[in-house]
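Enquirer: What follows is a protein structure lacking sequence information:
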């Protein structure tokens, strides 16, 4: 099935099988006295031949002073200490993928605690694809390593995210809003999330920042900067967009860049696409052509192009495409050619996603323009510096040299008259 779906338009890349289980502190594992202060519940879960494992807790409510650790067989990857601060209103919890076919849970509870234990595992995700390069190094020819060729797009590179859901992987981008308040909104493709979550429902997706090579000659990525948990705020299947809001802000030490955007309906001139093909370290494609309007589920819902340099593959879905002004104009639905190039790529139009839906749950404008500024473009930011809306076209009559973002208010001289209505020649046809 995965081979049939490989690089198909609107099909995300699956990496894991879901296994339903029922493990809790009463029916599984063992309780031991750890010391005078703590008892510990230990459980080891083995899924033969798994490349990696992760757990989903459908009951998760840690008591005060309790500690939870989850780790792989060799303790190369350890999650924890997890505390009551990690409790969520929906009583669920999950985590990033851990290496190997054996996973351990240790739950430390104060000996003085007499209450009920709310800790139950209902799903185990068995990874059969090596999406993190635990055992193999991959280097698909789907664009340039960003460490080699991204100087002009360094900020935009810092916005792109490797998105690990329960069974699927995609690419995504941190995106700015007109309030410049650094709300951690993330743009990706709707088809990536179709069976994984719903609007307004909390999920346990993991967001990897800076999953890229440290040098031009390296093909391995870094997976140490990540956070888990978000809400789906808005989605639409026609333009294939989804907007997530992360539970927590990404650490400032990760240099997260909130990418800018353009919602004009005119065809954009393309600059670059940045993505994680097959979950690989971050790659960048380049182009200098104008995209053309094309259709997917509806009429004229996407921008289409064939890359001058680079290509896309499974895992690239949801990745942003930037115009020549380095603003997002769409997100990847898929391609018609072979893996890593040779065909046409389809990107859902940001301009259509902006106001195509009937409510905030199916459009972008309510989230990315909360102050209703009606801006057509917005630049990206690291720190949320103040912006000034106005006319940024120096040839317009009402050009504002202090404006940082064009709000669509530009006015121009008419006919043979200047901006003050005076003729520029021997007659006036204003």
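Expert: Now that the structure is in, tell me what you want to look at. All of these numbers come straight from a predicted model, not from anything done at the bench.
Enquirer: Output the below-cut-off pLDDT ranges for the chain.
Expert: Residue ranges of the chain with pLDDT under 70: 1-9, 137-140, 150, 337-338, 386-387, 426-430.
Enquirer: where along it do the helices fall?
Expert: Along the chain, counting by DSSP state H, helices occupy 2-5, 146-149, 154-157, 190-193, 350-355, 365-368.
Enquirer: buried residues in the longest one?
Expert: Neighbour counts using 16 or more other C-beta atoms under 10 Å place 350, 351, 352, 353, 354 of helix 350-355 among the buried residues. (C-beta placed from N, C-alpha, C; glycine too.)
Enquirer: Let me know whether the fourth one touches residue 364 as I believe.
Expert: Yes: under the criterion of C-beta atoms under 8 Å, residue 353 makes contact with residue 364 at 5.1 Å.
Enquirer: gap between residue 341 and residue 155?
Expert: Counting by C-beta to C-beta, to the nearest Å, the gap from residue 341 to residue 155 is 25 Å.
Enquirer: show me the contacts for the closest residue in space to residue 183 that isn't next to it in sequence.
Expert: Closest residue in space to residue 183, ignoring its immediate chain neighbours: residue 177 at 6.0 Å, by C-beta to C-beta, 6 or more residues apart in numbering. Under the criterion of C-beta atoms under 8 Å, 6 or more residues apart in numbering, the neighbours of residue 177 are 183, 185, 258, 367, 368, 369, 370, 378.
Enquirer: Can you tell me which of the residues you listed end up in strands?
Expert: The strands, defined by DSSP state E, take in 185, 378 from these.
Enquirer: Type out the PyMOL command that picks the buried ones from the contacts of residue 177.
Expert: Buried subset of the contacts of residue 177, written as a PyMOL selection, criterion 16+ other C-beta under 10 Å:
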select buried, resi 183+185+258+367+368+369+378
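Enquirer: before we move on, the earlier item: now for residue 353 and residue 364: what residues contact both?
Expert: residue 241.
Enquirer: From residue 221, how far off is the nearest residue to residue 96 once chain neighbours are set aside?
Expert: Setting aside the residues directly before and after it, residue 96 is nearest to residue 206 in space (C-beta to C-beta, 6+ apart), at 4.5 Å. Using C-beta to C-beta, one gets 14 Å for the distance from residue 206 to residue 221.
Enquirer: same deal with residue 131?
Expert: Residue 131 is 10 Å from residue 221, where distance means C-beta to C-beta.
Enquirer: Those two: which is more packed in?
Expert: Each of residue 131 and residue 221 has its neighbours counted (other C-beta atoms under 10 Å); residue 131 has more, 25 against 21.
Enquirer: Can you tell me who residue 332 pairs with across the strands?
Expert: Beta bridges link residue 332 to residue 347, judged by DSSP bridges.
Enquirer: wait, what's in contact with residue 292?
Expert: 267, 303, 304, 305.
Enquirer: actually residue 279, not the one I wrote
Expert: Neighbouring residues of residue 279 by C-beta under 8 Å, 6+ apart: 13, 15, 129, 131, 132, 133, 162, 169, 315.
Enquirer: Nearest residue to the fifth one in space, please, no chain neighbours.
Expert: In space, not counting the residues next to it along the chain, residue 132 is nearest to residue 223; the distance is 5.7 Å by C-beta to C-beta, 6+ apart.
Enquirer: Run a quick neighbour tally on the one you found.
Expert: Residue 223 has 22 neighbouring residues, counting by other C-beta under 10 Å.
Enquirer: Over to residue 391?
Expert: Other residues close to residue 391 by other C-beta under 10 Å number 20.
Enquirer: Name whatever forms a beta bridge with the residue nearest to the spatial centre of the chain.
Expert: For the chain, the residue sitting closest to the mean C-alpha position, by C-alpha atoms, centre = their mean, is residue 172 at 2.8 Å. Using DSSP bridges, the beta-bridge partners of residue 172 come out as residue 161.
Enquirer: I figured it was touching residue 187, is that so?
Expert: Yes: the criterion here is C-beta under 8 Å, and residue 172 meets it with residue 187 at 6.3 Å.
Enquirer: Which residues are in contact with each of those two?
Expert: With C-beta under 8 Å, 6+ apart as the test, residue 172 and residue 187 both reach 318, 320, 331.
Enquirer: Hmm, residue 159 and the second one touching each other?
Expert: Yep, that's residue 320 we're talking about. Yes: assessed by C-beta under 8 Å, residue 320 is found in contact with residue 159 at 7.3 Å.
Enquirer: Please identify every residue contacting each of those two.
Expert: Joint contacts of residue 320 and residue 159 (C-beta under 8 Å, 6+ apart) are 173, 259, 274.
Enquirer: Return the residues in contact with the last one.
Expert: Pointing back at residue 274 there. By C-beta under 8 Å, 6+ apart, the neighbours of residue 274 are 146, 150, 153, 156-157, 159-160, 171, 173, 282-285, 319-320, 322.
Enquirer: What distance do you get for residue 331 to residue 318?
Expert: To residue 318, residue 331 is 5 Å away according to C-beta to C-beta.
Enquirer: who touches both of the two?
Expert: Common neighbours of residue 331 and residue 318 (criterion: C-beta under 8 Å, 6+ apart): 172, 187, 188, 189.
Enquirer: From these, list the buried ones, please.
Expert: Buried, going by 16+ other C-beta under 10 Å: 172, 187, 188, 189, out of those.
Enquirer: List the contacts of the third one.
Expert: Contact criterion C-beta under 8 Å, 6+ apart gives 163, 170, 171, 172, 173, 241, 242, 244, 317, 318, 331 as the residues in contact with residue 188.
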